[in-house]
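*Asks:* Model the structure of this input:
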Amino acid sequence: MSALTSTTATLASLRSVCVRFGGKEALREVDLDVEDGAFVAVIGPDGAGKSTLLRVLAGLRRPSDGKVTRALPKAEVGFSGAEFDLYGDLTVMENLRFFASVRGLRNQEFRRAAGCILEMVGLTEATDRLAANLSGGMKKKLGLAAALIYEPRLLILDEPTIGVDPTSRRELWGIIAEAHAAGTTVVFATTYLDEAERARRVVLLSAGEATEFSPERMGSLAQGWHAWVLPEETRRNELRVALARAGLGPRVYLREEGLTLLTRDKGEAERLARLVLSQLPGDCWGSPESPPPGLEPATLNLDDLFVLVQMGSDDHEGEQA
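*Replies:* Below you'll find the model as predicted:
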């Protein structure tokens, strides 16, 4: 595939990168350029290779094949993983001191940097608390602080706001935006559509392959589409069988909340839902002509976007009938 390139100075690039775990190919012939000052979102379904791509980019994993080139030393690359990967039995300050020492920051440099970073992430009052005793949002802030303590030129974040409350999520994005405004290049993976829209470039990973498109195109793909959910917790296995029998394609699927339908209007959602429900045993869902009970509007998420990307911008009505 062609490289995902930019005309400005490039900090890191991947060329024909493949990563295999046994017989599974996590990344397949991925080309990617990260230019100085970029703000790049990496999105994709679970198992698409997002974390693997970021770890290769950060120099934490060697590719099975292909070439990785960085125009900056590892000391100028900051990384924060999706899971809490700091030391729970150390305090906030001790964690920062450890990561600063690994990067060669001396005491005077460390004190200056630590004061600025702790104030930036809002952990000034928690310097003596054990990391294990922090809330989920504070752990994420500490992870960011550890990645920023040596003022990296390239900051790589794997799902930086996963598992935190809405208030902490806003605060974390404020920290990331402040770092980017100060000149830090940011590459992040996310499962949230609104976070991906913050980026200037979006890289979609699917089955280990990368495709780039703009946030504007991502928004245009979703334009005019709506998600509808028929909540159901007790008959999911029966619904899976009914979906297979109905053969309606990717626009009708099961998400955690229930049966999900991507349509242009509610009338079409009701029609497709009835087709699925007609494949269920018994008559507890009402007559085939009646509106499905409890059909509710839902916010489009990245799962829905992946479906629309695979379908393209056209409405493939013939595939859904």
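*Asks:* which stretches of this structure form helices?
*Replies:* Using DSSP state H, the helices of the chain run over 50-58, 92-102, 107-121, 136-148, 166-181, 193-196, 215-222, 236-246, 266-277, 302-311, 317-320.
*Asks:* As CSV, could you dump the C-alpha coordinates of the longest one?
*Replies:* Going back to what we said before, that points to helix 166-181. Extracted C-alpha coordinates of helix 166-181, given in CSV (Å, rounded to 0.1, in the frame of the first residue of the first chain):
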residue,chain,number,x,y,z
PRO,A,166,-16.3,12.1,32.1
THR,A,167,-14.7,14.8,34.3
SER,A,168,-11.3,13.1,34.3
ARG,A,169,-11.7,12.5,30.6
ARG,A,170,-12.1,16.2,29.9
GLU,A,171,-9.1,17.0,32.2
LEU,A,172,-6.9,14.5,30.5
TRP,A,173,-7.7,15.9,27.1
GLY,A,174,-6.9,19.3,28.4
ILE,A,175,-3.5,18.1,29.4
ILE,A,176,-2.9,16.4,26.0
ALA,A,177,-4.1,19.6,24.2
GLU,A,178,-1.7,21.7,26.3
ALA,A,179,1.2,19.5,25.5
HIS,A,180,0.4,19.6,21.8
ALA,A,181,0.0,23.3,21.8
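*Asks:* contacts for it?
*Replies:* Applying C-beta atoms under 8 Å, 6 or more residues apart in numbering, the contact partners of helix 166-181 are 39, 120-122, 135-138, 140-141, 144, 148, 155, 157, 160-161, 164, 186, 188, 195, 198. In short, each C-beta sits where N, CA and C put it, glycine included.
*Asks:* got the domain boundaries for this structure?
*Replies:* For the chain, automatic domain parsing gives the domain ranges 10-213, 224-320.
*Asks:* Can you flag the weakest of those by average pLDDT?
*Replies:* Mean pLDDT across the domains of the chain is lowest at domain 224-320; the value there is a mean of 78.
*Asks:* Would you enumerate the residues in contact with the residue nearest the centre of the chain?
*Replies:* Closest to where the C-alpha atoms of the chain average out (C-alpha atoms, centre = their mean) is residue 190, at 1.5 Å. Applying C-beta under 8 Å, 6+ apart to residue 190 gives the contacts 41-43, 159-161, 196, 302.
*Asks:* ok, and the most crowded of those residues?
*Replies:* Of the contacts of residue 190, residue 42 is surrounded by the most neighbours, 28 neighbours in total, counting by other C-beta atoms under 10 Å.
*Asks:* Quick check: buried residues in stretch 271-284?
*Replies:* Neighbour-count burial for stretch 271-284, with 16 or more other C-beta atoms under 10 Å as criterion, is recorded at 271-277.
*Asks:* Understood, closing this out.
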